[in-house]
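Colleague: Below is the structure, and that's it, no one-letter string:
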């Protein structure tokens, strides 16, 4: 098991909800206050705050309170870690398909080439 | 809301579990039977089958039964969709930071450049 397993659990769990993904999508266009995040969502402010807490615990979003306003920011390094996990596995699989393709091409007993 | 929301829900949910990620990791190195998938996992075969069902419902893994053996294969196109969702948001955020950097560099009232 990898050390960062729990962290990936939290990140993928945070992303497995359409409202939280909508918040991440909004934050990809720049920082936002909690009420700005809540505006397009058809839910109560406490519900938004709960979703935000899940995103914050996952590390995908950071929040900072200045005065009375809490500003939310996307953590692109955390986004990148989740993305990297997927891309490493996908590339592993695609490299394997490429190797199989080369083996088939080199195999004299393989399917005949059409010219 | 995007049409593929439910599909992304299922994919990220499937990935939010270390055992299921271990199964995806194994499948990134090539197709495997259910018992091959189960081998490194410290759990009962029925538990493995349940995790496999979650992966199959998410579209990340396809299974095919030939005779008595069910063979599991990674769907790299589905992996790619989840990866793309993350990369689009991360790139959006990074492009925004780049634009801010350019604005600051062009702003005569901005911080002095150190030479």
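Modeller: That came through fine. Just so it is clear, the structure is predicted and the values come from calculations on it, not from any experiment.

Colleague: helix/strand/coil for residue A:99?
Modeller: In three-state terms, and counting by DSSP: H, G, I helix; E, B strand; the rest coil, residue A:99 is helix.

Colleague: what separates residue A:98 from chain B, distance-wise?
Modeller: Residue A:98 sits 12 Å away from chain B, taking Cβ to the nearest Cβ, to the nearest Å as the criterion. Every residue, glycine included, has its C-beta placed from N, CA and C.

Colleague: correction: residue A:50
Modeller: Distance of residue A:50 to chain B, computed by Cβ to the nearest Cβ: 17 Å.

Colleague: Counting neighbours, what do you get for that residue?
Modeller: Neighbour count of residue A:50, defined by other Cβ atoms under 10 Å in any protein chain shown: 12.

Colleague: now swap in residue A:79 and tell me
Modeller: There are 25 residues near residue A:79, going by other Cβ under 10 Å.

Colleague: residues in chain A within reach of chain B, list them.
Modeller: Contact residues (Cβ under 8 Å from any Cβ of the partner chain) of chain A with chain B: A:1, A:5-6, A:8-13, A:15-18, A:21-22, A:24-25, A:27-30, A:74, A:76, A:79-80, A:82-83, A:85-90, A:92-94, A:96.

Colleague: Give me the subset of those residues that lies in strands.
Modeller: residue A:74 (DSSP state E).

Colleague: Mind checking which of the residues of chain A next to chain B are buried?
Modeller: A:8-13, A:15-17, A:21-22, A:24-25, A:27-28, A:74, A:76, A:79, A:82-83, A:85-87, A:89-90, A:92-93, A:96 (16 or more other Cβ atoms under 10 Å in any protein chain shown).

Colleague: Tell me which helix or strand in chain A has the weakest average pLDDT.
Modeller: helix A:76-106 (a mean of 90; mean pLDDT, DSSP states H and E).
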